[in-house]
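# Structure, please.
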Amino acid sequence: MVKVYRLIGIIIFSAILIVCYFLEVSKKESNPEQYKVWNEESTLDESDFLCRPPFYEGKAAARISCKYRIYEKPEVKVTVIVDRFNSFIHKHHVSDYLIRHEAYHLKLAHFFAKEINQSIKGKSLTYSEAYQYLQDRIQRDKQYQKIYDRETNHSLIKPKQNYWEYKIDSMLNKSIDFPIFQETENIEVYFPEKPKILVVSIDDEKYNGYLLDKYDVKFWIVDMAFYSNDTLTIENYFVNILHAGGLSDIIVNGNLPHLKAIFESYSQDTIGNEIVLDKLLLGKNTSFWLRFRYPIVIENEEVYKRMGDQFFNSFEVIDK
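Numbering: from 1, shown residues only. Here you go, the predicted model:
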C-alpha cells in the first residue's frame, strides 16, 4: 500500500512539474518582451540578453538566440527573430566587442533571410512551398554560423573577427553602390560600407576623397588631380609625401603588378603601429591614390592582406 501511495505521489508531482513547465512556456510565448524583429536598422545591447547564463561557462561567454519566422500576409516573407529570453551573456564578460560579435550572428542570419526572400519572390512560392524551402536552407545557415564561431574562436581571435565583420558587411551590401567622384570621373572601387568624405592636405593643396575607418583598418581613395605616366618623378614625389607623413621602412614596388598602377609602396607607421600600403592608379583623366592601413600583428596578418587586395583589385574605370 505504501508503494502505491508513493507511486501516486510521484505521478502527481510529475504532473505538477509538467503543468508548471507548460505554464512557464506559455507565459514566455505571450510576453511581448521575448521577441525582437531584426532588420537593417536593428542594434544589439546588453538588455537583449535576458536569460540567466549557465553556471558552467564553457567556451561561450555569450549566446544570442534567434530563429526564422515565416509570414503569409501581406506577402510570404521570412524574418529573423531574436529570442531575448534564451539569449545570455556572462556579466563579467560584457563588452561592446563581445556584443558586436553576437550582433554579427544576427547580421549573417539576416543576409540569409534576404536571400531566401529573393528566392520566394523570384519563384512566386506559396506559404507551404516557402516553408519547405526555408527548412532546406536553415542547415546552411547553421553551418555558416558554426564556421564564424570556429574561425574567430568566439571573437577571441581579433584579426579574424575583424575579417568576418568585413565579410558579412560585404555580403549584406554587395548590391549597394556607394557613388564616388561622380563629378569628375566614372570609376568604381569597393567599400564594404558607405565611406565618409575625406580631404587630404599636401603642400597647402587640398585633395578630395573618401575614407572608411572600420574593422581596425582604414580604406581610402583620393583624387590627386593630375595625370602622368612619369613613374620616376611620381615615385620621388610620393616617397617625399610618405616621409613627411612620418612613415618609415618605405619599400617601393618596381614591378607594379596592378594594371592601372604607376606607383606602389609598403611602409610602416611605428607610432600608429600600422602597416601602410599605397597605390597610385590611373583613371581616364586623373590619378587616384588608394591607401590601406592595418595593424602590425604577429599572427593572422594574411586576413588583413586579403582585405587590402580585395580593395585594390576592385578599382575599375567605367567606360560610358
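
# For residue 80, identify the helix or strand it belongs to.
strand 77-83 (DSSP states H and E).

# I'd like the average pLDDT over that strand.
Averaging pLDDT along strand 77-83 yields 96.

# show me where pLDDT drops low in the protein?
1-30, 56-59, 175, 177, 182-185, 319-320 (pLDDT under 70).

# same thing but 80
Counting by pLDDT under 80, the chain shows low-confidence ranges at 1-32, 55-60, 175-179, 181-186, 318-320.

# all helices for it, in order.
2-29, 96-123, 127-152, 158-173, 231-244, 301-313 (DSSP state H).

# check contacts around residue 238.
Residue 238 is in contact with 263, 265, 278, 280, counting by Cβ atoms under 8 Å, 6 or more residues apart in numbering. Placement of C-beta: from N, CA and C, glycine included.

# Among these, name the ones in strands.
Using DSSP state E, the members of these that fall within strands are 263, 265, 278, 280.

# thought the second one was touching residue 252?
Yes - using Cβ atoms under 8 Å, residue 265 and residue 252 qualify as a contacting pair, with a distance of 5.0 Å.

# which neighbours do these two share?
Shared contacts of residue 265 and residue 252, counting by Cβ under 8 Å, 6+ apart, come down to residue 239.

# With neighbour count and distance to residue 60 as extra columns, can I get the contacts of residue 238 in JSON lines?
Formatted as JSON lines, the contacts of residue 238 follow (neighbours: other Cβ atoms under 10 Å; distance: Cβ to Cβ, whole Å):
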{"residue": "263", "neighbour count": "19", "distance to residue 60": "47"}
{"residue": "265", "neighbour count": "19", "distance to residue 60": "43"}
{"residue": "278", "neighbour count": "23", "distance to residue 60": "41"}
{"residue": "280", "neighbour count": "26", "distance to residue 60": "46"}
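
# Report the two of those separated the most.
The largest separation in these, counting by Cβ to Cβ, is between 265 and 280 at 9.1 Å.

# Distance to residue 291 added to the helices of the chain, as a markdown table?
As requested, the helices of the chain are exported to a markdown table (distance: least, Cβ to Cβ, whole Å):
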| stretch | distance to residue 291 |
| --- | --- |
| helix 2-29 | 51 |
| helix 96-123 | 25 |
| helix 127-152 | 26 |
| helix 158-173 | 16 |
| helix 231-244 | 10 |
| helix 301-313 | 9 |
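
# The stretch 151-300 of the chain: strands as residue ranges?
Counting by DSSP state E, counting those that start in this stretch, the stretch 151-300 of the chain has strands at residues 187-188, 196-202, 205-214, 217-223, 248-252, 261-269, 274-282, 287-295.

# Mind checking those strands for the one nearest to residue 119?
Nearest of those to residue 119, taken as Cβ to Cβ: strand 187-188 at 27.3 Å.

# The strand holding residue 80 to helix 96-123, inter-axis angle?
160 degrees (axes from the mean of the first three to the mean of the last three Cα atoms, to 10 degrees).

# related to what we said a few turns ago, looking at the ones in strands among the contacts of residue 238, which is nearest residue 102?
residue 278 (35.7 Å).

# Next, the contact list for that closest one, please.
Applying Cβ under 8 Å, 6+ apart, we find residue 278 in contact with 238, 242, 263-265, 267, 289-291.

# And residue 145, by the same measure?
Shown in contact with residue 145 (Cβ under 8 Å, 6+ apart): 105, 108-109.

# returning to that earlier point: okay, buried residues for the strand holding residue 80 please.
Residues of strand 77-83 classed as buried by neighbour count (16 or more other Cβ atoms under 10 Å): 77-78, 80-83.

# for the ones in strands among the contacts of residue 238, which one is nearest residue 218?
Distances from residue 218 to the ones in strands among the contacts of residue 238, taken by Cβ to Cβ, are shortest for residue 278, at 11.8 Å.

# so how far is residue 122 from the residue sitting nearest the centre point of the chain?
Closest residue to the average C-alpha location of the chain: residue 165 at 2.6 Å, with Cα atoms, centre = their mean. To residue 122, residue 165 is 29 Å away according to Cβ to Cβ, to the nearest Å.

# next one: residue 239
The gap separating residue 239 from residue 122 is 52 Å, by Cβ to Cβ.

# just residue 138 next, same as before
19 Å.

# Which one of those two is surrounded by more residues?
residue 138 (15 against 8; other Cβ atoms under 10 Å).

# Who are the contact partners of that one?
residue 68.

# For residue 251, which residues count as its bridge partners?
Listed beta-bridge partners, residue 251: residue 266 (assigned using DSSP bridges).

# cool, residue 77 as well?
Under the criterion DSSP bridges, residue 77 forms beta bridges with residue 71.

# Isn't it up against residue 70?
Yes - taking contacts as Cβ under 8 Å, residue 77 lies within contact range of residue 70: 7.2 Å.
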